[in-house]
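Enquirer: Fold the following for me, if possible:
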Amino acid sequence: YGFNPQNFDKDFCDGNVLLALVHSLRPDLYQWNTLNRTNAANNIMFALANADKHMGIPPLLDPNMLLGGNPDEKAVMTYVVQFLCYQQEN
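Expert: Here you go, the predicted model:
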């Protein structure tokens, strides 16, 4: 996907890494190349909603926390671990 996240805080603030996580496990949900990945708020909400609705991963992150640019690293880690659990179960 062209992303190289180095941390669990600032690299998640634009929502693109979240979109890539969802798409990597459920590419049937949306076409990657058709997404407008420049709107951070939309990216975050879209990724959280799809993960919740289609993957059963509850939206543990507060979008405003991510958009604020200083998210809680442990909260992001906790959320990302849910994708690993999903991958192992499916």
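Enquirer: Quick test: name the residue nearest the centre of the protein.
Expert: residue 18 (1.8 Å; Cα atoms, centre = their mean).
Enquirer: can you pull out the helices in this protein?
Expert: 16-25, 40-55, 63-67, 73-89 (DSSP state H).
Enquirer: Counting by contacts, list what the shortest one packs against.
Expert: Judged by 3 or more Cβ pairs under 8 Å, 6 or more residues apart in numbering; DSSP states H and E, helix 63-67 is in contact with helix 40-55. No exception for glycine: its C-beta is placed from N, CA and C like everyone else's.
Enquirer: quick one on the thing from earlier: and the residue nearest to the centre of the chain, what does it touch?
Expert: Residues in contact with residue 18 (Cβ atoms under 8 Å, 6 or more residues apart in numbering) are 12, 43-44, 47-48, 51.
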